[in-house]
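**Q** Dropping the sequence and predicted coords here.
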Amino acid sequence: MKAKPAKVAPAKAAKPAPAKPAKPAKPAKLAPAKPAKPESRLAMVRRARKINRELAEVFPYAHPELDFRNPFELLVATVLSAQTTDLRVNQTTPALFAKYPTPEDLAAAVPEEVEELIRPTGFFRAKTKSIMGLAAALRDDFGGEVPGRLEDLVKLPGVGRKTAFVVLGNAYGVPGITVDTHFMRLVRRWKWTEQEDPVKIEAEIAEIFPKSEWTMLSHRVIFHGRRICHARKPACGACPITHLCPSYGEGETDPEKAKKLLKYEMGGFPGQRLNPPPGYPGRPAPPLGASDG
């Protein structure tokens, strides 16, 4: 008799153990950001001198942007340039110097007639007083000649250190640093100085560069400030020295948009001088009242 096979109960499926909630991963420990290492004095000086060398390649034609034929004309034009453009001065002085070519002529002028001639430069009454006063001082104290010493120039009415250095550097070849608004803005953007007083800025910049570079450095920095590194919207994307500028990004960085911000010959427009020196690559400015095309 065959034995019946034993009934085997079906195995019950084991219930899966309830999953334990995963422990939240610990955030990776980030190394604290190292503060930027301050630029050493030596590194800053090297960078500053490299900027000067590169600007010399960009603006080999840098020059004073006031038209003049002698020290007297440069002195008067520089005084008139306060609170206006060099272009407007250059458009105004031909008629002024045609009528009053010497200090003696200007000192003996009728003030109202001088005011009318220089009216386009603004502040014409105060400027008339200054240029007639300095003309009288040149006539009475310096034999009708513009002195070639800083200490004499700053004694003249309306003449400060900036004006004196413009005359000394460009009429007499005496090195000087011209600290105008463009120069002040750029040397601070480049971290050459933190000073705000023009005399202190002049002193600090003078320690960075050899004296032989002072006059041309001034021209290059001012050229760059007028053409590319503007006060309100620098053309960062079209600037040739961005790799040396700690303030890159303050202005327009898109190259095409930046190109549209370039001024004077850099943007294809007339410069500020009616009679630019040889080698200037741009177009001369038009006379007063003429279209610049």
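**A** Happy to help now that I have it. Note that the structure is predicted; figures quoted are calculated from it, not measured.
**Q** didn't Lys191 look like it was pressed against Pro38?
**A** No: using C-beta atoms under 8 Å, Lys191 makes no contact with Pro38, being 10.3 Å away. All C-beta atoms are positioned from the backbone trio N, CA, C, and that covers glycine.
**Q** Settle it for me: which of these two has more neighbours?
**A** Lys191 (14 against 8; other C-beta atoms under 10 Å).
**Q** Run through the stretch 51-200 of the chain and note the low-pLDDT ranges.
**A** For the stretch 51-200 of the chain, no stretch has pLDDT under 70.
**Q** hey, where'd the helices end up in it?
**A** 71-80, 86-99, 103-107, 111-118, 124-141, 150-153, 161-171, 181-189, 198-208 (DSSP state H, counting those that start in this stretch).
**Q** I'd like to know which of those helices is closest to His224.
**A** Ranking the helices of the stretch 51-200 of the chain by proximity to His224 (C-beta to C-beta) places helix 181-189 first, at 6.5 Å.
**Q** Run the angle between that closest one and helix 198-208 for me.
**A** Here the directions of helix 181-189 and helix 198-208 differ by 60 degrees (axes from the mean of the first three to the mean of the last three C-alpha atoms, to 10 degrees).
**Q** could you measure Asp197 against Ile222, distance?
**A** Using C-beta to C-beta, to the nearest Å, Asp197 is found at 19 Å from Ile222.
**Q** So if I had to pick from those two, which one is more boxed in?
**A** Ile222 (22 against 10).
**Q** Centre of the chain to the helix or strand hosting that one, how far?
**A** Using DSSP states H and E, Ile222 sits in helix 214-227. In terms of C-alpha atoms, centre = their mean, to the nearest Å, the centre of helix 214-227 is found 7 Å from the chain centre.
**Q** Identify the residues contacting it?
**A** 52, 55-56, 58-59, 62-65, 165, 169-170, 173, 175-178, 180, 182-183, 185-187, 205-206, 209, 231, 241, 262-267 (C-beta atoms under 8 Å, 6 or more residues apart in numbering).
**Q** I'd like the average pLDDT over that helix.
**A** In this model, helix 214-227 carries a mean pLDDT of 98.
**Q** give me the number of residues near the closest residue to Lys263 other than its chain neighbours?
**A** Distances taken as C-beta to C-beta, 6 or more residues apart in numbering put Arg227 closest to Lys263, at 5.1 Å, once the chain neighbours are dropped. By the criterion of other C-beta under 10 Å, Arg227 has 24 neighbours.
**Q** Confirm for me that Pro120 is in contact with Pro94.
**A** No: with contact defined as C-beta under 8 Å, Pro120 and Pro94 do not form a contacting pair (11.8 Å).
**Q** Would you agree Pro284 is in contact with Asn275?
**A** Yes: using C-beta under 8 Å, Pro284 is in contact with Asn275, at 6.8 Å.
**Q** Between those two, which is the more surrounded one?
**A** Taking other C-beta under 10 Å, Pro284 and Asn275 do not tie; Pro284 has more neighbours (16 against 12).
**Q** Next one, pLDDT for the more buried one please.
**A** For Pro284, the model assigns a pLDDT of 97.
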